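> For reference, the sequence and a predicted model appear below.
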Amino acid sequence: MSWHNVKVLSTLHRLREPFQVCRWRLKALMIHLLQLESATAPSCLGVHVVDKFTMQSFNEQYRNIPSSTDVLSFPSDIKLDLGDVLICPEHILMDASELGCDPSAHLARVALHGFTHLLGYDHELDANHAVQMYQKELELLAQLTPSKLYTFQSMRQDAFNGLLPLTILN
């Protein structure tokens, strides 16, 4: 059996988060995605919960886009390290509102999207790559839903009725 290490870090103060992100649930989701993709190879990745200003700074520095975004991924060159995913709850909350979906479900979808970037998929290269990435996301999503995704998003019955509780637990 292989080991997987996921670190979920936040630069946000709990009271300033637009909705609370449950770090241990996010960690459980990412560990499960690692298990689905690399059942025999040990691997690790970092997940960073950042504010919109930090996200905008990274987006501008690395993609020359002077605005915030929901997720950015930074693959690693180190063999056992997949890389880092930056997630912006403020952006996720705004997008979830526009899409009419639950922020916790959207957070899980965005985390999965960032994870597929770490696997080497890139929807921005061309239409072919976009289709391949979308298919991979659907494949992973199919393995997570409905029961497994529910487990990661909600240990409590009320998670889909409101915001995903994001207590700071490691």
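Here it is on my side, so go on.
> CA atoms for contacts and neighbours, from now on please.
OK.
> Can you give me the pLDDT of the most centrally placed residue in the chain?
The centroid of the chain falls nearest to Ala111 when counting by C-alpha atoms, centre = their mean (1.6 Å). Note for Ala111: predicted pLDDT of 91.
> With Ser67 instead?
So Ser67 comes in at 94 (pLDDT).
> quick one on the thing from earlier: helices and strands around the helix or strand encompassing the residue nearest to the centre of the chain, which ones?
For Ala111, the host element (DSSP states H and E) is helix 103-118. Secondary-structure packing of helix 103-118 (3 or more C-alpha pairs under 8 Å, 6 or more residues apart in numbering; DSSP states H and E): helix 23-37, strand 71-75, strand 81-87, helix 89-99, helix 127-144, helix 147-153.
> ok, of the ones you listed, where does mean pLDDT dip lowest?
helix 147-153 (a mean of 45).
> ok so, going back, what angle sits between the helix holding Ala111 and helix 89-99?
Interaxial angle, helix 103-118 versus helix 89-99 (axes from the mean of the first three to the mean of the last three C-alpha atoms, to 10 degrees): 110 degrees.
> Could you number the chain from 56 rather than 1 from now on?
Yes, from this point I'll number from 56; that puts the last item at helix 158-173.
> and the angle for helix 158-173 with strand 126-130?
Using the same axes, to 10 degrees: helix 158-173 against strand 126-130 is 30 degrees.
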